[in-house]
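In: This is a predicted model, with the sequence first.
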Amino acid sequence: MAQQNGTLPAMRTQPKAIFFTDFDGTITLQDSNDYLTDNLGYGVERRRRENHAVLEGRLTFRDSFQWMMDSVKTPYDQCISILLKNVQLDPHFAEFFAWTRENNVPVVVLSGGMQPIIRALLAHLIGEEAVEHMQIVSNDVMPRDGKGINEEGGWNIKFHDDSVFGHDKSLEIKPYTALPNRPIMFYAGDGVSDLSAAKETDLLFAKAGRDLVTYCENEKVPFVTFNDFSDIHKVVADVVAGKVSVKEAAKGRL
């Protein structure tokens, strides 16, 4: 549940808008979990095949992600070190994030990935101080078979909830939706981990050419495409400033 001491965390500053976002492949250019699977696990071909099965409803994201991570036997600390060298930040995210802080638009990261990797990458890419101003809700990591997570084959996913997603992102968003006079809510994502959140906010940003676009087109879910966070920044800033309505913004596919 998103509530903390009876208050939804992102509402502490009484914002006019909240920006929910996926992490891997959205804030970053590469998906860290895909990178681990493709390079240290069972490879890109099987991963893509299973992603399509998730999109078509023949496989749950939870099962797909479990199999992906089961195939990675590299110790966890080594996985983080490899990702720090190979995962890059969207070139316009830092500027957008600075704008959100200046304009009281809380950023809530909703990720199907694992907390230690997300925090390590964000601290590396935008700094420890910035991470402290960002709420992160995600899966976690735990030891496997009595081993330590930094041993070969010693770590496993600790899922956030019991849903078929492993982390049902809609459960974090819905309490905000139910608020009277609630803020404008945005969501940005790119892939199969975002399916549970796709219909929950006022305006959905889906990354061009990625699986979330395919899902939205198949399910007739309204969305705005983006290539990078400069696209998102312009639309969010215009909506928050009242220059365009959510309905007007939703008509655009950048």
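Out: Sure, I can see it.
In: following the helix or strand containing Ala206, which helix or strand shows up next?
Out: Per DSSP states H and E: Ala206 is located in strand 203-207. Reading on from strand 203-207 to the C-terminus, the next helix or strand found by DSSP H and E is helix 211-219.
In: May I have that next one exported as CSV, CA atoms only?
Out: Output of helix 211-219 as CSV, limited to C-alpha atoms (Å, rounded to 0.1, in the frame of the first residue of the first chain):
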residue,chain,number,x,y,z
ASP,A,211,6.4,-3.2,-26.4
LEU,A,212,4.2,-0.8,-24.5
VAL,A,213,3.2,0.9,-27.7
THR,A,214,2.3,-2.5,-29.2
TYR,A,215,0.1,-3.3,-26.2
CYS,A,216,-1.6,0.1,-26.2
GLU,A,217,-2.4,-0.1,-29.9
ASN,A,218,-3.8,-3.6,-29.5
GLU,A,219,-5.9,-2.7,-26.4
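In: How far off centre is that helix?
Out: When distances are taken as CA atoms, centre = their mean, to the nearest Å, helix 211-219 is centred 16 Å away from the chain's centroid.
In: Show me which positions of whatever helix or strand comes next after that helix end up buried.
Out: Sequence order places strand 224-226 as the next helix or strand after helix 211-219, per DSSP H and E. In terms of neighbour count (16 or more other CB atoms under 10 Å), strand 224-226 has its buried residues at 224-226. The way it works is simple: take the backbone N, C-alpha and C, and place the C-beta from them, glycine included.
In: So what's the model's average confidence on strand 224-226?
Out: The pLDDT scores in strand 224-226 average 95.
In: same deal with stretch 100-114?
Out: 96.
In: Same question for stretch 136-145.
Out: 96.
In: can you pull the alpha-carbon coordinates of it into PDB?
Out: The C-alpha trace of stretch 136-145 is given here as PDB (Å, rounded to 0.1, in the frame of the first residue of the first chain):
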ATOM      1  CA  ILE A 136      11.200   4.100  -5.500                       C
ATOM      2  CA  VAL A 137       8.700   1.200  -5.300                       C
ATOM      3  CA  SER A 138      10.000  -2.000  -6.800                       C
ATOM      4  CA  ASN A 139      10.900  -5.700  -6.300                       C
ATOM      5  CA  ASP A 140      13.900  -6.500  -4.200                       C
ATOM      6  CA  VAL A 141      16.600  -9.200  -3.900                       C
ATOM      7  CA  MET A 142      17.100 -12.100  -1.400                       C
ATOM      8  CA  PRO A 143      19.500 -15.000  -0.800                       C
ATOM      9  CA  ARG A 144      18.900 -18.300  -2.500                       C
ATOM     10  CA  ASP A 145      19.400 -21.800  -1.100                       C
END
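In: chain center to it: distance?
Out: Worked out by CA atoms, centre = their mean, stretch 136-145 lies 16 Å from the chain centre.
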